[in-house]
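S.K.: need a structure here:
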Amino acid sequence: MEEKMGRRERKKLQSRKAILDAAVREFSAKGFKETSVADIMNAADLGIGTFYNYFQSKEEVLMCLLARLVDEVDAGLNELRAAKRPSYEMLEAGSRITARFLDENRFVLPLFLSAAEQSAMPAGRQDRAMPAPGFKPVFEDIVRQGQKDGELRRDVPAEIIAEMFHSIYQAAAFSKLPINFQENVALKTRILLSGIKN
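M.R.: Now for the predicted structure:
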């Protein structure tokens with residue numbers, strides 16, 4: 001019986017992963033708005049009803065994909081944390097990882113920007129249907145530690161600096177300059193870092 005439960009759980013995990021992977025392919029090919037739940041499930045080779053065993057909506061799928069970004073940034077920073085690298089190196093690496101993820105998964109960018117706007121609003125005015133991503137707290141924690149260690153300026157609140165990092169992606173997304181998104185983010189990050197380093 002225990003072995004059977006193990007197989008069932010594995011199958012559930014495989015189905016959930018298949019749905020998320022199919023969503024990435026479909027959102028990338030057609031865009032978020034033009035992709036239907038049926039498109040995702042056809043690409044996953046699963047029945048449409050199965051979708052609702054795992055997700056309530058395609059917006060929830062998108063939030064899960066955004067959570068992958070947070071996990072990817074955090075995982076990428078773990079090695080730097082373990083090596084006790086300076087906070088400005090961690091901020092640069094986090095910015096680079098984020099830019100690469102958003103560039104490779106452009107369909108996530110509108111949600112990323114929208115969620116950032118939501119997290120900047122006063123608590124009572126936030127849209128309950130749009131939870132803020134866990135991205136900004138990762139950067140806030142790095143900034144706070146850098147301020148504590150004397151590596152970063154203390155005259156600017158950590159929340160403001162983290163918000164500035166978030167705004168880099170929006171500025172790069174709407175930029176008309178003849179440079180690619182990742183390079184645009186890297187240049188803006190360098191400028192921001194030069195202004196906050198001690």
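
S.K.: Report the spatially nearest residue to the residue positioned nearest the centre of the chain, omitting neighbours in sequence.
M.R.: The residue lying closest to the centre of the chain (CA atoms, centre = their mean) is L69, at 3.3 Å. Of all residues beyond its chain neighbours, the one nearest L69 is F101 (5.0 Å), with distances taken as CB to CB, 6 or more residues apart in numbering. C-betas here are computed from N, CA, C, even on glycine.

S.K.: Just the pLDDT at that neighbour, thanks.
M.R.: On pLDDT, F101 comes in at 86.

S.K.: With A162 instead?
M.R.: If you check A162, the pLDDT there is 92.

S.K.: do the one 10 residues further on as well
M.R.: Here, the pLDDT recorded for A172 equals 94.

S.K.: Break this protein down into its domains, please.
M.R.: As assigned by automatic domain parsing, the chain contains the domains 1-55, 59-196.

S.K.: most neighbours per residue, which of those?
M.R.: domain 59-196 (a mean of 16; mean count of other CB atoms under 10 Å).

S.K.: Quick one: name whatever helix or strand follows the helix or strand of the chain with the lowest mean pLDDT.
M.R.: When each helix and strand of the chain is scored by mean pLDDT, DSSP states H and E, helix 109-120 comes last, with a mean of 62. Using DSSP states H and E, the next helix or strand after helix 109-120 towards the C-terminus is helix 135-148.

S.K.: angle of whichever helix or strand comes after that following helix against helix 135-148?
M.R.: Downstream of helix 135-148, the next assigned helix or strand under DSSP H and E is helix 158-173. Angle between the axes of helix 158-173 and helix 135-148 is 130 degrees (criterion: axes from the mean of the first three to the mean of the last three CA atoms, to 10 degrees).

S.K.: next SSE after helix 158-173?
M.R.: Next element after helix 158-173 (DSSP H and E): helix 181-196.

S.K.: distance of G6 from N78?
M.R.: Using CB to CB, to the nearest Å, we find G6 at a distance of 29 Å from N78.

S.K.: same check, this time on D103
M.R.: 22 Å.

S.K.: about what we covered before: who does the helix or strand hosting the residue nearest to the centre of the chain touch, helix- and strand-wise?
M.R.: If you go by DSSP H and E, L69 is part of helix 58-82. On a contact count with 3 or more CB pairs under 8 Å, 6 or more residues apart in numbering; DSSP states H and E, helix 58-82 meets helix 2-30, helix 37-44, helix 87-104, helix 109-120, helix 135-148.

S.K.: hmm, 7 Å instead?
M.R.: In terms of contacts (3 or more CB pairs under 7 Å, 6 or more residues apart in numbering; DSSP states H and E), helix 58-82 is packed against helix 2-30, helix 87-104, helix 109-120, helix 135-148.

S.K.: who touches I161 in this structure?
M.R.: Taking CB atoms under 7 Å, 6 or more residues apart in numbering as the criterion, I161 is in contact with V143, I196.

S.K.: Try it again at 8 Å.
M.R.: With contact taken as CB atoms under 8 Å, 6 or more residues apart in numbering, I161 is in contact with F139, E140, V143, L152, L192, I196.
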